[in-house]
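**Student:** After the sequence you'll find the predicted model.
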Amino acid sequence: MSSKALIRISLGVYLIIFFSYLLGPLVVMSLTAFNSSGFPSVSPWACFTYEWFNVLWNDSAIREGIFYSVIIGLGTVALSVSMGLAASIVLTQVWAKFRSTYYTLIIAPILVPGVVLGISTLVFWDRLGNFLGAGDGSMLSNLFHNGIFLTILGQSSFIASYAMLVFVARLQRFDPGLTEAALDLGATHTQAFRKILLPFMRPAIASASVLAFLASFENYNTTTFTIVDYKTLTTVLAQKVRLGINPSISALAFIIITLTVFAALAFEAYRRNQARQEAVKQGKAKAKSGGILPSFMTGNPAAIVFVLLAFVAIVVIGTAQKYSPEQCKIQVREAKQAEIQRRIKELQEQRLIKSQSEARQGPDIFGAPEEEDTGGKPSGAFGGVFAPGNLSDDADADQPEAEKPSGGSGAFGGVFAPTNLDNDEGN
Amino acid sequence: MGSGVAVDLENVWIRFGDFVAVREANVHINGGEFFSFLGPSGCGKTTILRAVSGFLEPSDGRVLIGGNDMAGIGPNKRPTALIFQNLALFPLMKIWENISFSMEVTGASARERRKRADELLDMIALEGQGDKLPSELSGGQKQRVAIARALCANPDVLLLDEPLSALDLKLRQHMRTELREIQQRVGITFIYITHDQGEALTMSDSVAVMKAGVIDQIDTGHNVYDNPATPFVASFVGENNVFRGKIKSISGEEAVIGTNRSGDLLARVTPTQVGKLGVGDDAMMFIRPEALELGSNSGNDKTTISANVVNEEFEGNSFSVFLEGDGGKLIKMAVPNVGQDHITGRGENLSLHYDVNNAVVMPAGELASE
Ligand SMILES: Nc1ncnc2c1ncn2[C@@H]1O[C@H](COP(=O)(O)OP(=O)(O)OP(=O)(O)O)[C@@H](O)[C@H]1O
Ligand SMILES: [Mg+2]
């Protein structure tokens, strides 16, 4: 009995750890989208704000990136789904002896690093252009050096393999006798394909399309080589990270997460509703429960959650038009100024003491306390930003300290860059 | 509807690599006939059917339908319709769309197709069920839909690959009669495949019995049962008791076979083997369980078998009595149930006699259960 309880408790603890590991970063990221602080952070909490969504909306680079990401995503879906479908059908037709070889060959692109795919796509089409004698500026040459064209091809080269895996799973449950039956009843091979196999594959085509679109949308390492002079969302983001980011990225992440949750809930609600209607049709369930809920929500928690969330979203968007955090921000800025003044004073006092002791011990240990300041941060890899030149201006160096003592995100070392601080002041 | 079109297989061989699935098949099927291929699992029945419907080309020989050589003509161009072993109804289409699929591919309008489908639904006693999906039908209903779908194509020859094997016994018996009725109504040639000899015998005008790619006998059901051509046919079609031995004497159509346990027995030489048996040849004699009777046959010990009872089973309409036979095999006798409590006791020695006409002898060969 007690061991059972123990198991249950440890299972609960495990689940909590597991889900916080899984969802924690997303929650934190989402929260940072609403903090007025200039660098994505949760603590210290400055002011609740929607301004990052505005910043995001006005960021033409991101808008353009999303636009091209969608274009490329659609192109990749079209190309990789048709290639994957063809490949999976060939797999069922190919001579049994070659089947495993063929399978390995087709799956291989998944195992090849995306970087390699990107570079080879770029090189291949360039060479092909040369080989075909497509001179600079000719239509062919333009096409072969077009970032969108190359990215669709580069991404499809491995996304088609994913699509094929989805199709193979579905095809395994297809009875080839159905195609034969269609042929026997006078259908041509094309008709048998269109009327029998394709409808059967439709659910797999839908999920492969979603998969392909998502894989294309989030792809970076192939895209970065093939995109040439265009940009996608991922390459824009990567560029931003290099130059220093602000929470508008979090706002974007929040939007994407919200859309995903909505889509998942809507799909689940739809699915449950279908299942219920099916059950009603077969007389296994009552048509109406007679409760207060509309019929499509009865026995359908996903639909209820969906409706509630949609309601919350509408309220939030509505208040966002009115809400202004200016008052709060002014207070925060004043508090910050006061803090800075206090620190400057402190430092001046310290210097005074130091210069007095310096007079006695010599100048060689100057700077030691400063070093302690930076050594406390985990962002060792980006220590460069604390270069002496930076430190020379005490006020500057201390400002991020006051704002973000946790400084936990080593990967975003760039945020300590001076431009960022300007930005912050600008708020 | 098309009417009786003959189907001929001339010297048909079908090989898969080195494996011979069908060996030298020569079959003539009359137009409008109900013809069955009967044989155990894996003997090549489906393979023959696929050669007729056009899904595979014979490695050798010709397939003729209505006198026309079918070489190079695909399944969608042949005047045949195949009912698959697993029916192969299109799961995503409604019943009426399934039935009228052959019209859809020729571009008939939805109204025409619906009309024809409804006619056929009437015929198979499923009126009003056209808007269901195949998954919403029972096994027997699916069966009938498959038949309607095949008939909708107006085939000259309907090919049926063990269509009843998935059904339970009652439904199977019902569908047998129904299939036979449909065949007589539409008057087209049916080629029916089964490993169930009862099915073949009840429905067919002619039966071809197959063994491992070879057709052993083509005849009416009656003849296949009464005058089997080979030990395989004798033992595969219906139950049979086998007695092995050597031919002792032959006079005209009767022969005496010397057996180990049961002494000399008299039997009729099976018609196709008359003249092919010689004295001293290894032979097999077959007697059906229902042809054995209790009691000795007024002195003629060449039609009397004596053996010890091993076991007795009650089967409802009859009792099965098992007696010690040749080489550890049991002799089975069927005694009609006319109200007896039981027939005999274990270990009792019985004398059984039979009519010479009911015992057939032929050269020794492979048996079905071996
Ligand atoms: N495509 C194929 N390749 C190789 N061998 C095959 C192929 N199709 C059938 N065979 C072989 O041919 C033989 C006959 O097969 P077939 O399907 O005709 O049997 P069947 O008489 O219909 O049996 P069942 O009653 O079990 O359906 C089998 O031994 C089978 O293994
Ligand atoms: Mg078969």
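**Tutor:** That came through, no problem. Ligands and ions are numbered 1, 2, ... in the order given.
**Student:** got the domain boundaries for chain B?
**Tutor:** Chain B is divided into the following domains under automatic domain parsing: B:7-226, B:231-363.
**Student:** JSON lines for those domains, including mean neighbour count, distance to ligand 1 and mean pLDDT?
**Tutor:** C-beta: built from backbone N, CA, C; applies to glycine. Listed next are those as JSON lines, based on neighbours: other C-beta atoms under 10 Å in any protein chain shown; distance: least, C-beta to the nearest ligand atom, whole Å; pLDDT from 0 to 100:
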{"stretch": "domain B:7-226", "mean neighbour count": "19", "distance to ligand 1": "3", "mean pLDDT": "90"}
{"stretch": "domain B:231-363", "mean neighbour count": "17", "distance to ligand 1": "13", "mean pLDDT": "85"}
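**Student:** Can I get those domains in a markdown table including distance to A:Thr222?
**Tutor:** Compiled in a markdown table, the domains of chain B are given as follows (distance: least, C-beta to C-beta, whole Å):
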| stretch | distance to A:Thr222 |
| --- | --- |
| domain B:7-226 | 37 |
| domain B:231-363 | 64 |
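**Student:** Go through those domains and name the closest to A:Ser100.
**Tutor:** Closest approach to A:Ser100 among the domains of chain B is made by domain B:7-226 (19.6 Å; C-beta to C-beta).
**Student:** Quick one: check that closest one for contact with chain A.
**Tutor:** Yes. Interface with chain A: domain B:7-226 contributes B:53-55, B:74-76, B:80-82, B:84, B:86, B:88, B:90-92, B:101-102, B:104-106, B:149-150, B:153 (C-beta under 8 Å from any C-beta of the partner chain).
**Student:** In strands, which of those fall?
**Tutor:** Secondary structure assignment (DSSP state E) places B:80-82 from the residues of domain B:7-226 next to chain A within strands.
**Student:** List the residues that contact B:Ala117.
**Tutor:** By C-beta atoms under 8 Å, 6 or more residues apart in numbering or on different chains, the residues touching B:Ala117 are B:95-97, B:99-100, B:130, B:148, B:152.
**Student:** can you do 7 Å?
**Tutor:** If a contact means C-beta atoms under 7 Å, 6 or more residues apart in numbering or on different chains, then B:Ala117 has B:96, B:99-100, B:130 as its contacts.
**Student:** The host helix or strand of it: how far from the chain's middle?
**Tutor:** Element membership of B:Ala117 [criterion: DSSP states H and E] is helix B:110-123. For helix B:110-123, the distance from its own C-alpha centre to the chain's C-alpha centre is 33 Å (C-alpha atoms, centre = their mean, to the nearest Å).
**Student:** In terms of pLDDT, where does the residue of chain A found nearest ligand 1 sit?
**Tutor:** Sorted by distance to ligand 1 under C-beta to the nearest ligand atom, the residues of chain A start with A:Ala96, at 9.8 Å. Per-residue confidence for A:Ala96 comes out at a pLDDT of 81.
**Student:** how close does it sit to A:Gln172?
**Tutor:** Taking C-beta to C-beta, to the nearest Å as the measure, A:Ala96 and A:Gln172 are separated by 14 Å.
**Student:** So for the two, which sits in the more crowded spot?
**Tutor:** A:Gln172 (10 against 6; other C-beta atoms under 10 Å in any protein chain shown).
**Student:** Perfect, I'm done here.
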